[in-house]
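**Q** Generate a structure from the sequence data that follows.
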Amino acid sequence: MTIQKILGENGPQEGLCANGACPAAITTDDGNVYVQGYIPGEDANQTLTAPEGESFVRIPLPVLKKIAAQVVDL
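**A** Residues are numbered from 1 along each chain as shown. Alright, predicted model coming up:
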């Protein structure tokens, strides 16, 4: 797997968390997208349940909207 592009709050990034650009979405050459975000707190973990082998990350909505706008351009 090779990282193709990192999409973050401040636009495409050369590296992870560069200049406060977390959370991020990372596209790879195998056709997958990986999402980097904040680990949910205990209150969220009491409400959210994921199937075995899955989990959640927390991304503020304004940041997600910025990332989504960049994904449209891919």
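
**Q** Relative to the helix or strand of the chain with the lowest mean pLDDT, what are the paired strands and their orientations?
**A** Within the chain, confidence by mean pLDDT, DSSP states H and E is lowest for strand 11-13 among all helices and strands, at a mean of 72. Strand 11-13 pairs in its sheet with strand 3-8 (antiparallel), by DSSP bridges.

**Q** How about the least confident helix or strand of the chain, which residues are buried there?
**A** Gln13 (16 or more other C-beta atoms under 10 Å). Placement of C-beta: from N, CA and C, glycine included.

**Q** Tell me the first helix or strand C-terminal of it.
**A** strand 24-28 (DSSP states H and E).

**Q** Can you tell me the strand partners of that next one and which way each runs?
**A** Taking DSSP bridges, the sheet neighbours of strand 24-28 turn out to be strand 3-8 (antiparallel), strand 33-36 (antiparallel).

**Q** any idea which of these is most buried?
**A** Comparing the strands paired with strand 24-28 by mean neighbour count (mean count of other C-beta atoms under 10 Å), strand 3-8 ranks first with a mean of 18.

**Q** Using PDB, write out every CA atom in it.
**A** C-alpha atoms of strand 3-8 as PDB (Å, rounded to 0.1, in the frame of the first residue of the first chain):
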ATOM      1  CA  ILE A   3      -0.200   6.700   0.300                       C
ATOM      2  CA  GLN A   4      -1.300   8.800  -2.700                       C
ATOM      3  CA  LYS A   5      -2.800  11.800  -1.000                       C
ATOM      4  CA  ILE A   6      -3.500  13.100   2.400                       C
ATOM      5  CA  LEU A   7      -6.500  15.400   2.700                       C
ATOM      6  CA  GLY A   8      -6.800  17.600   5.700                       C
END
